[in-house]
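[1] one predicted model, sequence on top.
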Amino acid sequence: MIDIKKIKNEIEKLPESDFSELRRWIAEKDWEKWDKKIEKDSKANKLDFLIDEAKEEKKNGNLNDL
C-alpha cells in the first residue's frame, strides 16, 4: 500500500510547474468523479426534488425563464 505521507513529501519537492500540472490533474479527476456521481444520482431519481423545488419557485414567481 502506498503511504500518503510519502506522497505528500514527494509533492512538496515538486518544482512549481510540476505542482501546477498535478493540481490541474487532481482537479480534473475530482470533477470527473463529481460528474459520474451526479449522473448516477440523476438516473436513480435522487435529484428529482430539485426539479420539484424549481417548479414550485417558478409557480410562486421566484424563478425566471432562461
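    Structure received.

[2] what segments of the chain are helices?
    Taking DSSP state H as the test, the helices found in the chain are 4-12, 16-43, 48-59.

[3] and the first one, what's buried?
    Of the residues in helix 4-12, none has enough neighbours to count as buried (16 or more other CB atoms under 10 Å). C-beta here means a position set from N, CA and C on the backbone, and glycine is covered the same way.

[4] tilt between that helix and helix 16-43?
    Inter-element angle recorded for helix 4-12 and helix 16-43: 130 degrees (by axes from the mean of the first three to the mean of the last three CA atoms, to 10 degrees).

[5] quick one: mean pLDDT for helix 4-12?
    Averaged over helix 4-12, pLDDT sits at 97.

[6] for it, give me every contacting residue.
    Applying CB atoms under 8 Å, 6 or more residues apart in numbering, the external contacts of helix 4-12 come out as 19, 22.

[7] now do 10 Å
    3, 18, 19, 22, 23 (CB atoms under 10 Å, 6 or more residues apart in numbering).

[8] check those residues for burial and list the buried ones.
    Of the contacts of helix 4-12, not one counts as buried by 16+ other CB under 10 Å.
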